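*Asks:* fold the following for me, if possible:
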Amino acid sequence: MLSPALQDYAERRFRERAEIYAPIFSEIESGLSCCAQEEAVLMRFLYGTMPVRDAGEYGFEVFLSYVRHALWLRDNVEWCRRLPEDIFVHYVLYYRINTEDISDCRPFFYERLKDRIAGLSLEEAVREINYWCAEHAAYESTDGRTASPMTMYRCGKGRCGEESAFAAAACRSVGIAARQVYAPRWAHCDDNHAWVEVYIHGRWHFLGACEPEEELDRGWFSGPAGRAILIHSRCFCDYDCGGMQEEWIGREDGVYYLNETASYAKTCRLTVTVKDASGRPVRGARVAVEILNMAEFFPAAALVTDENGEAGITMGIGDVRLRAWSGGCVCEKMVFPAQEAGARDSGLKENRAGEIRTELVLKSGYPFIQEEDVKGRLAGGSNTWEQILLTAPAQAPVSCARQSEEQKGRRQRRLEEAVHLREERFRALLGQLPAGEFPEEKEMLQIAGENAAQLYAFLKKDGNPDRKRLLHSLARKDYKDAPAGVLEDHLSCTQGELPEDIYVPYLLCPRIYLEELTPWRSFICSCFSEEEKYAFTRRPELVWDYIEKNIRYDARLDYSAVCGTPIGCLKLKWGSLLTRKILFVAICRSLGIPARLRRSTIQPEYLENGEFRAPAGLHGKDSPGCLPAPALLTLEAPEAQSGEKWNYGQNWTIGKLEGTGFCTLGYEGICFSGDSLTLELEAGVYRLVTSRRLPDGNQLAAFSVFGLKSGECRAVELLSGENDEKTMLSDYPARELPELFLWDVSGERQSLAHITGRGTALVAFLGAGEEPTEHVLNELNDYAEQWNGSGAEIIAVLRRPEELKNATLQRALARLSSVRIYFDREEASEKTAAVMGADPEKLPLLVLTEEGRRGIYSCAGYHVGSVDLILQILLLRKKGRKEENDDNFNRKAE
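*Replies:* Numbers count the residues shown, from 1 in each chain. Take a look at the predicted model:
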């Protein structure tokens, strides 16, 4: 029985959107007329609270399936019936978990789980569900589009955000309240992470998605979570009848964020007061709490000030940057909670470290470029660097449930069984296709899982060469969920005189950004008259004019992290700026006009007279010819010649000032040519950020803000924090490793001293297939060229011979020139960790050794960036030895 409060809430929220849903309202009303009373209430609840774009993307029947399944669970499953109503609607009923593609999956998962969990307690059922998830999916580093839980099941691989959406959906399918919990950015390493919490007997408990443990509240990420600045969960409305006990961080777009940080880390209360230039409190000012990660200040939380100009947040005790804005006025400020709270010196006995207060005074214009200085900066004034040391929260491990030796053994056996079942399933799927028929497409068919049959059908249909061209133009993830019918819709192009490097990526390819793939070409062509299509073809800038006049948007009712599709956008006449840009490209391509989103700025461009140009209306110009000439910025990095590598999105970024903040440009993968790199940029104000990660997780950072005018050529020397070997290894005294034995691939037992006695080596105890190890192997693959020139070999230590089949390991081995494989049969990793002061239960364990058994640095578990860090240490030690040799030579000469 649904409460009157929920019924009233659903009706009110639904009616508020009647005008927005006008293009599809008759369809919704028709569907509601066929629903039972409680079904209609929950359908109104969903339509009244969902990100508006979802209403245009998915049919009424998809949402109705979620509603009917949830009501059946509420009536028939005891643990679901006992849930508070707000917990039920947020974490069982709701179809969306985060940014994943949506499909009707709950009944499908329920049928596969119901017998497996029959008769189990709630805790036992969660554990069994997670083993089932591990039998069907595992970690793989992928792109930013979040595949649906159904795609995860069908392809067997995904990143943590996809694993957690899959596991949460599986739990919800049997009536267990579940949600994704997310550290949007770590402070101590360059990454983020998502996991799952389940609601049991009035409390939330955590687990690693597709990484089952014998007990709840265990996971490899518990250590990193103890160093988090912010951990949050989300829901899609503010309906609350007392079950929502967490601190509400606030609302961004139509999404509500709840603060879970205090459940994982030691925290402080940060209170910010925002004032105007006259000293008066500013009500309604936005305050972004920014974490430096991947060399950008990432807005991890957005707060809103009250009538006293105050906003507050409970957060981990680490350094952050605050940015406040209101009415075009801005202020930025660094705050240093670790020092102010005295956390490192006093040793916190409780989970809270009191309150830290700070004040921000808004000024007109960006803080580093005030109004009176803008013209000078844009005229080419000299840039300066500001250097800072950012302290990450100190290690404060989450209190994890302990497991017995019996539980460890049982878990290991079941995990091995899960890997076997998963690999056999996908091997059998691939075996159903004719072997060797499409050798060039073999890898994509292997990636596709169950979707391989769709790709095969598409390839097999006829001899059109565009079939292969189209498939090879797609993103890797598209192979996992692109239906043959959707791909077929995009074969309507003709190449004409277009060169291959224009025709395939910018006309034939159906992938534009990170949107779901849909059959948009035929749909778009059916939406416009012949006269409109002719006008668009003659003057492509009219496409943008049409979009701006006809597509509406209100960020408060949507989820900007999710791209809309061209079909959904046109159907509902609704779309974010990014969605409108995607639509522009789609309309152009549908009409035979090559178009793209410019990689660095995500701006739409179409091909005209052999050059890509943005539509005039995008810049407020009267015609494309008015667009200003670009500026040329040359970045100089002398350190590159000495072996250091500048990696975009790791130790440097550049952002352009847009409104009241800097938007990081998309230059991932760009490389320096020698010691310089030239970027072609629009006129404007830019910020360069550099960051050097230290072994303790702290960062030496620098940033520079400057202006570029149209046609200007300018050079800037990148600055990274000065570092030395003593600083890098101050917390890591050299230690003598114990006498240990490993087994080589031929079965011979060898001592560690014998194995590492050749010089400098990285002894890497790996957990192949597990996310922390996958990160290390991906880094070794990325840094293979530098590692091969470092003079250090790698001793890769596996647990079992079967782990040699791991695809990520094989990719790394193919690129690394000096790797030897060994196996640990005598708990050598635990003994090594104990001596080096690392966690003996965590893999991978990386130990840098010299002169046999002398360990000079180690890290265990999840430690993104560890390979780059070790390369820095090797470089510094090599530099130190050279300087020592030079000094000795000079002394002898004297």
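
*Asks:* going forward, measure contacts between C-alpha atoms and count neighbours the same way
*Replies:* Fine.

*Asks:* shaky segments in the stretch 301-450 of the chain?
*Replies:* The stretch 301-450 of the chain contains residues with pLDDT under 70 at 341-353, 365-383, 397-398.

*Asks:* what packs against the host helix or strand of residue 448?
*Replies:* Take DSSP states H and E as the rule and residue 448 turns out to sit in helix 442-448. Using 3 or more CA pairs under 8 Å, 6 or more residues apart in numbering; DSSP states H and E, the elements in contact with helix 442-448 are helix 452-460, helix 478-481.

*Asks:* among those, which comes closest to residue 22?
*Replies:* helix 478-481 (30.9 Å; CA to CA).

*Asks:* could the helices and strands packed on helix 442-448 go into a markdown table alongside mean pLDDT and distance to residue 583?
*Replies:* Formatted as a markdown table, the helices and strands packed on helix 442-448 follow (pLDDT from 0 to 100; distance: least, CA to CA, whole Å):
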| stretch | mean pLDDT | distance to residue 583 |
| --- | --- | --- |
| helix 452-460 | 97 | 25 |
| helix 478-481 | 98 | 19 |
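
*Asks:* of the ones you listed, which is nearest residue 146?
*Replies:* helix 478-481 (11.0 Å).

*Asks:* what about that closest one, distance to the chain center?
*Replies:* From the chain centre to the centre of helix 478-481 is a distance of 19 Å (CA atoms, centre = their mean, to the nearest Å).

*Asks:* hmm, who's touching that helix?
*Replies:* Residues outside helix 478-481 that contact it (CA atoms under 8 Å, 6 or more residues apart in numbering): 151, 154-155, 444-445, 447-452, 455, 517.

*Asks:* list the contacts for residue 768?
*Replies:* Shown in contact with residue 768 (CA under 8 Å, 6+ apart): 774, 798, 803, 806, 809.

*Asks:* for those residues, which one is nearest residue 34?
*Replies:* Nearest member of the contacts of residue 768 to residue 34, counting by CA to CA, is residue 774, at 49.5 Å.

*Asks:* may I have the phi/psi pair for the closest one?
*Replies:* Backbone torsions of residue 774, given as degrees, to the nearest 10, read phi -60, psi -40.

*Asks:* so it sits right up against residue 808, yeah?
*Replies:* Yes. At 6.8 Å, residue 774 counts as touching residue 808 under the criterion of CA atoms under 8 Å.

*Asks:* quick one: which of the two has more around it?
*Replies:* Set side by side, residue 774 and residue 808 show more neighbours around residue 774, with 23 against 20, by other CA atoms under 10 Å.

*Asks:* give the next helix or strand downstream of the lowest-mean-pLDDT helix or strand in the chain.
*Replies:* Every helix and strand in the chain was compared by mean pLDDT, DSSP states H and E; the lowest is helix 371-378, with a mean of 38. Under the assignment DSSP H and E, the closest C-terminal helix or strand after helix 371-378 is strand 386-390.

*Asks:* so which elements touch that next one?
*Replies:* strand 699-708.

*Asks:* repeat that for 10 Å
*Replies:* strand 329-335, strand 684-693, strand 699-708 (3 or more CA pairs under 10 Å, 6 or more residues apart in numbering; DSSP states H and E).

*Asks:* just how off-centre is it within its chain?
*Replies:* That offset, for strand 386-390, works out to 25 Å (CA atoms, centre = their mean).

*Asks:* begin at 4 from here
*Replies:* Noted, 4 is the first residue going forward, which turns the last one into strand 389-393.

*Asks:* which elements pack onto the very next helix or strand once past it?
*Replies:* Moving toward the C-terminus from strand 389-393, the next helix or strand (DSSP H and E) is helix 408-434. Where contact means 3+ CA pairs under 10 Å, 6+ apart, helix 408-434 is packed against helix 125-139, strand 141-142, helix 445-451, helix 455-463.

*Asks:* what do you get if the cut-off is 8 Å, keeping everything else the same?
*Replies:* Secondary elements touching helix 408-434 (3+ CA pairs under 8 Å, 6+ apart): helix 125-139.

*Asks:* give me the contacts around the helix it packs on.
*Replies:* Contacts of helix 125-139 (CA under 8 Å, 6+ apart): 82, 116, 119-120, 155-157, 159, 169-170, 173-174, 201, 203, 212-219, 417-418, 420-422, 424-425.

*Asks:* having no further points to raise, I will conclude here.
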